[in-house]
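J.: just the structure for this:
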Amino acid sequence: MALPMPTLADLQPLGPEIFVCGAAFALLMIDLFLSDARRGLTHFLALFILAAAAVLTARELGAETTWGFANLFVRDTIGDVLKITIYLVAAASFIYAKPYLQDRGLFKGEFYVLGLFSVLGMMLMVSAGSMLVLYLGLELLALSSYGLVAMDRDNPRCSEAAMKYFVLGSLASGLLLYGMSMIYGATGSLQLGEIHAAAASTGDRTLLLFGVVFMLVGIAFKFGAAPFHMWLPDTYHGAPTAITLFIGSAPKLAAFGMAYRLLEDGVGPLDAQWQDMVAWLAALSLVVGNLVALVQTNLKRMLAYSTISHVGFLFMGLAHGGPLGHGAAMFYAIAYALMSAAAFGAIILLSRKGHEAEEISDFRGLWARNPFQALLVMFVMASLAGVPPFLGFWAKLEVLLAALDAGLLWLAVVGVVCAVIGAFYYLRVMKAMFFDEPEGEGPKLHPDSHLRVLFAVNAVALLALGLFADTILHWVGLAFPV
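T.: Presented below is the predicted three-dimensional model:
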């Protein structure tokens with residue numbers, strides 16, 4: 001069936017997406033005429049584009065849900081809250097990345113153009129009203145991410161990481177598409193609303209359930225949940241740290257948006273079936289992520305495996321299946337994006353030209369050399385470990401309460417035990433900073449003032465937002481009123 005011609009009413013909900021798309025193409029053209037010495041203009045324009053998109057999105061925050069293009073696209077509070085957080089984290093990633101890329105001769109316009117197209121893909125994912133739009137957004141994000149990981153073309157480790165990411169990402173996309181095709185075959189529609197109605201009324205759900213299984217595999221891969229995590233440690237380790245920071249933070253928000261749209265807006269009536277699958281994925285991610293992270297000495301690989309465990313906590317909220325669980329999962333996704341950006345930002349802060357501060361041993365003696373920065377890194381590690389009153393503690397508490405509310409006592413127990421185990425490898429970083437003797441001259445901070453200020457704001461925000469967690473909970477409450 002042919003779609004009707006778009007009207008102004010169709011275009012209005014897509015205002016931020018149209019702006020970001022047009023601005024990204026404009027930035028691509030402008031950058032062609034800039035010399036390397038004037039590349040800072042590309043950096044400034046990219047930040048301006050994200051700020052302008054945030055203003056366009058915030059103007060409609062809390063407004064009634066609107067639909068566009070024959071219900072292919074939905075503009076609602078859930079999508080708006082996620083988009084605003086995506087803009088914030090992406091802007092922080094750009095600022096973190098600038099001095100790192102400059103030191104290594106990678107400060108190119110392609111980074112910002114691919115970053116903006118990644119943001120556009122995330123925006124489509126969190127506002128999709130159809131599996132078609134969701135998949136288009138997912139592939140736009142994925143293809144841009146593959147290019148970013150491979151930016152350092154002369155580095156064999158980066159090329160290997162990009163190839164693994166591309167091959168395994170293509171496999172996961174194929175499985176997701178296969179699941180979507182089964183759901184289409186069972187319901188006769190790609191529209192999430194129509195799929196929801198058909199799932200509620202159909203008698204034989206065998207084909208639908210097979211589709212949900214394959215779809216969950218695709219979702220788990222994009223999150224990096226066990227046992228579909230094999231791409232994550234190598235990609236995080238092999239990519240330049242600035243790229244790892246970007247792909248390890250904002251896309252988790254988009255992955256939550258994708259999971260919510262598919263599981264709740266799409267196959268919500270099958271929640272009794274997919275909740276059990278999500279719960280087991282959560283438990284497996286918690287166990288695998290925390291146990292393997294214990295033996296890591298490379299900080300980037302440790303943070304990669306800790307990401308798997310954090311995905312387990314996020315899935316714990318999704319397994320609830322109701323507004324309380326989805327709100328807890330969104331809260332966790334927002335908190336984790338901020339914590340992940342700060343964690344990789346700490347690596348960038350101690351890295352410099354010719355030296356990557358990737359090993360835990362690189363943080364030895366930081367307290368003796370720079371007590372203030374050691375304190376900020378401690379804030380980040382404490383929040384990741386879930387120490388009160390930091391933001392990470394409240395995020396873990398919310399998903400644990402959601403699991404208990406859903407009757408998943410066993411999963412909550414697994415979560416608590418794994419949180420205690422996980423605290424050990426974060427404490428190892430603190431021990432290295434406060435008690436170990438430095439190697440050689442000890443850790444040196446990057447001289448860039450913008451980088452230092454951003455890291456300080458990011459780290460202190462984890463404490464401030466923990467003390468005033470109601471700020472984020474209010475946002476989440478707008479999206480998921482209980």
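J.: and the residue lying farthest from the centre of the chain, what's its pLDDT?
T.: Distance from the C-alpha centroid of the chain peaks at residue 203, with 36.7 Å (CA atoms, centre = their mean). Note for residue 203: predicted pLDDT of 71.
J.: how is it assigned, secondary-structure-wise?
T.: coil (DSSP: H, G, I helix; E, B strand; the rest coil).
J.: could you do the one 10 residues further on as well?
T.: When classified by three-state DSSP, residue 213 comes out as helix.
J.: am I right that it is in contact with residue 280?
T.: No - assessed by CB atoms under 8 Å, residue 213 is found out of contact with residue 280, at 12.0 Å. Just so you know, the C-beta spots here come from the backbone N, C-alpha and C atoms, and that holds for glycine as well.
J.: buried residues in the one helix or strand residue 410 maps to?
T.: Take DSSP states H and E as the rule and residue 410 turns out to sit in helix 409-434. Within helix 409-434, the residues that qualify as buried are 411-412, 414-415, 418-419, 421-423, 425-426, 428-430, 432-434, counting by 16 or more other CB atoms under 10 Å.
J.: mind checking what helix or strand follows the helix or strand containing residue 289 in sequence?
T.: Following DSSP H and E, one finds residue 289 within helix 271-293. Using DSSP H and E, the helix or strand that follows helix 271-293 in sequence is helix 299-318.
J.: packing partners for that following helix?
T.: Applying 3 or more CB pairs under 8 Å, 6 or more residues apart in numbering; DSSP states H and E, we find helix 299-318 packed against helix 206-223, helix 231-238, helix 250-260, helix 271-293, helix 323-350, helix 391-405, helix 409-434.
J.: next one: the first one to chain centre, how far?
T.: Here the centre of helix 206-223 is set off from its chain's centre by 20 Å, with CA atoms, centre = their mean, to the nearest Å.
J.: next: the second one.
T.: Per CA atoms, centre = their mean, the displacement of helix 231-238 from the mean C-alpha position of its chain is 15 Å.
J.: and the helices and strands packed on helix 299-318 as a markdown table, adding mean pLDDT?
T.: Listed next are the helices and strands packed on helix 299-318 as a markdown table, based on pLDDT from 0 to 100:
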| stretch | mean pLDDT |
| --- | --- |
| helix 206-223 | 89 |
| helix 231-238 | 91 |
| helix 250-260 | 93 |
| helix 271-293 | 92 |
| helix 323-350 | 94 |
| helix 391-405 | 94 |
| helix 409-434 | 93 |
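J.: angle of the helix holding residue 410 against helix 391-405?
T.: Counting by axes from the mean of the first three to the mean of the last three CA atoms, to 10 degrees, helix 409-434 points 170 degrees away from the direction of helix 391-405.
J.: okay, angle between helix 409-434 and helix 299-318 too, please.
T.: 150 degrees.
J.: quick check: residue 216 touching residue 276?
T.: No - assessed by CB under 8 Å, residue 216 is found out of contact with residue 276, at 10.8 Å.
J.: residues in contact with the nearest residue to residue 317 once chain neighbours are set aside?
T.: Leaving aside its sequence neighbours, residue 317 sits nearest to residue 329 (CB to CB, 6 or more residues apart in numbering; 3.2 Å). Residue 329 makes contacts with 256, 260, 314, 315, 316, 317, 318, 320, 399, 402, as judged by CB atoms under 8 Å, 6 or more residues apart in numbering.
J.: got the phi/psi numbers for residue 456?
T.: The phi/psi pair for residue 456 (degrees, to the nearest 10) reads phi -60, psi -40.
J.: ok, residue 474 next?
T.: Dihedral angles (degrees, to the nearest 10) for residue 474: phi -70, psi -40.
J.: just the element for residue 169, please.
T.: Using DSSP H and E, residue 169 falls within helix 156-187.
J.: residue 82 and residue 218: what is the separation?
T.: 19 Å (CB to CB, to the nearest Å).
J.: which one's more surrounded, these two?
T.: Using other CB atoms under 10 Å, the more surrounded residue of residue 82 and residue 218 is residue 82, with 28 against 25.
J.: and the residue nearest to the more buried one when sequence neighbours are not counted, how many neighbours?
T.: Distance criterion CB to CB, 6+ apart; nearest residue to residue 82, sequence neighbours excluded, is residue 126 at 4.5 Å. Neighbour count for residue 126, taken as other CB under 10 Å: 26.
J.: residues touching residue 126, list them.
T.: Here residue 126 is in contact with 78, 79, 82, 83, 86, 253, 254, 257, 258, 261 (CB under 8 Å, 6+ apart).
J.: burial of the second one, as a residue count?
T.: By the other CB under 10 Å criterion, the neighbourhood of residue 79 contains 25 residues.
J.: any idea how far the spatially closest residue to it that is not a sequence neighbour lies from residue 134?
T.: Once flanking residues are discounted, residue 79 sits nearest to residue 127: 4.1 Å by CB to CB, 6+ apart. According to CB to CB, residue 127 and residue 134 sit 9 Å apart.
J.: compare the contacts of residue 329 and tell me which is most surrounded.
T.: Comparing the contacts of residue 329 by number of neighbours (other CB under 10 Å), residue 316 comes first, having 32 neighbours.
J.: distance check, it against residue 329.
T.: For residue 316, the distance to residue 329 equals 8 Å [CB to CB].
J.: what touches both of these two?
T.: Residues touching both residue 316 and residue 329 (CB under 8 Å, 6+ apart) are 399, 402.
J.: who wins for proximity to residue 375 among the helices and strands packed on helix 299-318?
T.: With respect to residue 375, and counting by CB to CB, the nearest of these is helix 409-434 at 9.2 Å.
J.: show me the contacts for the residue most central in space within the chain.
T.: Geometric centre of the chain, nearest residue: residue 252, 1.9 Å, by CA atoms, centre = their mean. Residue 252 makes contacts with 223, 311, 314, 333, 336, 337, 340, as judged by CB under 8 Å, 6+ apart.
J.: likewise for residue 470?
T.: The contact partners of residue 470, taken as CB under 8 Å, 6+ apart, number zero.
J.: do residue 414 as well
T.: Applying CB under 8 Å, 6+ apart, the residues near residue 414 are 283, 286, 287.
J.: do that again at 10 Å, thanks
T.: Going by CB atoms under 10 Å, 6 or more residues apart in numbering, residue 414 touches 279, 282, 283, 284, 286, 287, 312, 316, 403, 408.
J.: how about residue 165?
T.: Contacts of residue 165 were listed using CB under 10 Å, 6+ apart, and they are 142, 145-146, 148-150, 231-232, 234-236, 238-239, 247.
J.: rerun that using 7 Å as the cut-off
T.: By CB atoms under 7 Å, 6 or more residues apart in numbering, the residues touching residue 165 are 146, 149, 231, 235.
J.: looking at these, spot the one nearest residue 41.
T.: residue 149 (25.2 Å).
J.: distance of that closest one from residue 95?
T.: 20 Å.
J.: neighbour-wise, which of these two wins?
T.: residue 149 (26 against 18).
J.: the more buried one is in contact with residue 243, isn't it?
T.: Yes - counting by CB atoms under 7 Å, residue 149 does reach residue 243; the two are 5.8 Å apart.
J.: any low-confidence regions in the protein?
T.: Applying pLDDT under 70 to the chain flags residues 1-6, 440, 442, 482.
J.: how distant is stretch 168-184 from the center of its chain?
T.: Relative to its chain's centre, stretch 168-184 lies at 20 Å (CA atoms, centre = their mean).
J.: CA atoms of it as CSV?
T.: The C-alpha trace of stretch 168-184 is given here as CSV (Å, rounded to 0.1, in the frame of the first residue of the first chain):
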residue,chain,number,x,y,z
LEU,A,168,29.4,-9.8,14.3
GLY,A,169,27.2,-6.7,13.9
SER,A,170,26.1,-7.8,10.5
LEU,A,171,25.3,-11.3,11.9
ALA,A,172,23.2,-9.7,14.7
SER,A,173,21.4,-7.4,12.3
GLY,A,174,20.5,-10.5,10.2
LEU,A,175,19.1,-12.3,13.2
LEU,A,176,17.1,-9.2,14.2
LEU,A,177,15.7,-8.9,10.6
TYR,A,178,14.8,-12.6,10.6
GLY,A,179,12.9,-12.1,13.8
MET,A,180,11.1,-9.1,12.4
SER,A,181,10.2,-11.1,9.3
MET,A,182,8.6,-13.8,11.4
ILE,A,183,6.6,-11.2,13.3
TYR,A,184,5.5,-9.6,10.0
